[in-house]
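J.: please find the sequence and the predicted model below.
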Amino acid sequence: MVKQLIKNGLVVDGNGGEPKKDHVVVTENDQIVYVGPESGYSVTGKEIVVDAADGTILPGMIDTHVHMMLEYSPVSQRLETPFSFMYYQAAEYLKNTLQAGVTSVRDALGTDLGVKKAVEEGLIPGPRLQLSINALTITGGHGDGYQVSGNELDLMPSGYPGMPSGKCDGVAEVRKKTREMLRAGAEVIKVHATGGVLSATDHPEFTQFSLDELKAIVEEGRFRKGVKVMAHAQGAEGIKNAVRAGIHSIEHGIFIDDEAVELMLENGTYLVPTLLAPVAVLETAEETGMPDTAVQKSKEVIEAHKASFTKAYKAGVKIAMGTDAGVMKHGTNLRELGLMVDAGMAPMDSIVATTKTAAECLGWDDKVGTLEQGKLADIIVVKGNPLEDIYSLANNDNIQVVIKNGKVEKNIL
């Protein structure tokens, strides 16, 4: 039995209430056993004391949209890299994500069941993973690697054991493809409901899949395993189609209109905004060899993206933090909170979006997302008070302690 007593820090429990002074968090093995006033806990002397040094104690952060097997790189570099090397790179990405204070993620395509197993069995350090395996996409749509040259160059390899291709057209094909993803271990189904910024032959406002196709995907997930669907959806019509089909979360949501907001509120649909994605495309375009089409589209959408987020937030749409990490470097995830605050979100709400609401979006709110007795001991200690400077979370040196499942993964106090 291992007990830890985390003290001398401001406790922000993820529920959105007032931060608590003179409170402690106590863990036993992989569980939280006490959160409350220090005076209300009887020290046994057997606890390992973690001194927060006047920092802030928070739940482990959650990123609901990542690509753990990818960091965008120039085409020439990808062509020169052996297939299996991506797994060794992913081990570094997983470690960097965890070291940044992100203890749970939802992978939005590209990570197979073996990677999750390696993390769960302790072969490599990393955040808790919820997998989509691969995304469903139409021929010629976002996710189809067809280039204007006539050649195919996918961002991520597929069609190898454990990673089915996601290309499908028509109700019968999307049903079968959804079943293939479930068979491969998908815990959430990912679908591309619109074009995208990184696509070579489409645009974010292009609508993909019919309403009937989207409904078939939702039905297959719901009826077979109770699995929800996340939709890459950027154009307004594609967003509305996805919501009407019963899709659980809208990823990106660049061109949300008033009707889409009303539909999302009516259906309880989550928005995962990924404000960092187009910002990162512009910042890293030269270094990573981003295609000119992606740079131009990022310039086109960046202000509309921010405005859509603000509209959705002010209307009360449920927002779960996601970054599209892999488009940018893993371990830079918590920059997203600053961008959400810049777009009008209250600092405390940005933390709730990255903890409690993100856990709810993943269906994991019974075990992570808040500091409460009986939940898993996913806890971070950060320097200072992020409510006073939300951008401080973007500096990984300020993430001083990371505990996942009760195990200390980082301690630089």
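T.: Noted; the coordinates are in hand.
J.: for the closest residue to residue 345 other than its chain neighbours, phi and psi?
T.: Of all residues not flanking residue 345 in the chain, residue 313 sits nearest, at 5.5 Å (Cβ to Cβ, 6 or more residues apart in numbering). C-beta here means a position set from N, CA and C on the backbone, and glycine is covered the same way. In terms of degrees, to the nearest 10, the main-chain angles of residue 313 are phi -60, psi -50.
J.: isn't residue 53 right next to residue 413, touching?
T.: Yes. Here residue 53 reaches residue 413: they are 5.7 Å apart, a contact under Cβ atoms under 8 Å.
J.: who touches both of those two?
T.: Taking Cβ atoms under 8 Å, 6 or more residues apart in numbering as the contact rule, residue 53 and residue 413 both touch residue 400.
J.: where does the protein have low pLDDT?
T.: Low-confidence segments of the chain, defined by pLDDT under 70: 1, 145-153, 198-201.
J.: domain ranges for it?
T.: Domain assignment for the chain by automatic domain parsing gives 3-59+370-411, 61-362.
J.: in CSV, list the ones you listed along with mean neighbour count.
T.: Listed next are the domains of the chain as CSV, based on neighbours: other Cβ atoms under 10 Å:
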stretch, mean neighbour count
domain 3-59+370-411, 19
domain 61-362, 21
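J.: quick one: contacts for residue 295?
T.: 281-282, 285.
J.: that one should be in a helix, yeah?
T.: Yes. Using DSSP: H, G, I helix; E, B strand; the rest coil, the assignment for residue 295 is a helix.
J.: state the distance from it to residue 284.
T.: 10 Å (Cβ to Cβ, to the nearest Å).
J.: same thing with residue 243?
T.: Going from residue 243 to residue 284 by Cβ to Cβ gives 32 Å.
J.: try residue 244
T.: 35 Å.
J.: for residue 204, same thing?
T.: Counting by Cβ to Cβ, the gap from residue 204 to residue 284 is 19 Å.
J.: try residue 389
T.: 25 Å.
J.: could you do residue 221 as well?
T.: Distance from residue 221 to residue 284, by Cβ to Cβ: 34 Å.
J.: and if you look at residue 36?
T.: Residue 36 is 44 Å from residue 284, by Cβ to Cβ.
J.: now residue 412
T.: 27 Å.
J.: now residue 144
T.: Counting by Cβ to Cβ - residue 144 and residue 284 are separated by 23 Å.
J.: one more: residue 78?
T.: Look at residue 78 and residue 284: by Cβ to Cβ, they are 15 Å apart.
J.: same deal with residue 39?
T.: Applying Cβ to Cβ to residue 39 and residue 284 gives a distance of 49 Å.
J.: following the helix or strand in which residue 106 is found in sequence, what is the next regular element?
T.: Residue 106 is located in strand 102-107, with elements delineated by DSSP states H and E. As assigned by DSSP H and E, the chain's next helix or strand after strand 102-107 is helix 113-120.
J.: got a list of contacts for that next one?
T.: Residues contacting helix 113-120 (Cβ under 8 Å, 6+ apart): 68-69, 87, 90-91, 94, 124-129, 131, 133, 162, 184-185.
J.: again, only this time at 7 Å
T.: 68, 90, 94, 124, 126, 129, 131, 162, 184-185 (Cβ atoms under 7 Å, 6 or more residues apart in numbering).
J.: adding distance to residue 324 and secondary structure, write those out as JSON lines.
T.: Shown next, in JSON lines, are the contacts of helix 113-120 (distance: Cβ to Cβ, whole Å; DSSP: H, G, I helix; E, B strand; the rest coil):
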{"residue": "68", "distance to residue 324": "12", "secondary structure": "coil"}
{"residue": "90", "distance to residue 324": "16", "secondary structure": "helix"}
{"residue": "94", "distance to residue 324": "16", "secondary structure": "helix"}
{"residue": "124", "distance to residue 324": "22", "secondary structure": "coil"}
{"residue": "126", "distance to residue 324": "18", "secondary structure": "coil"}
{"residue": "129", "distance to residue 324": "16", "secondary structure": "strand"}
{"residue": "131", "distance to residue 324": "16", "secondary structure": "strand"}
{"residue": "162", "distance to residue 324": "23", "secondary structure": "coil"}
{"residue": "184", "distance to residue 324": "22", "secondary structure": "coil"}
{"residue": "185", "distance to residue 324": "22", "secondary structure": "coil"}
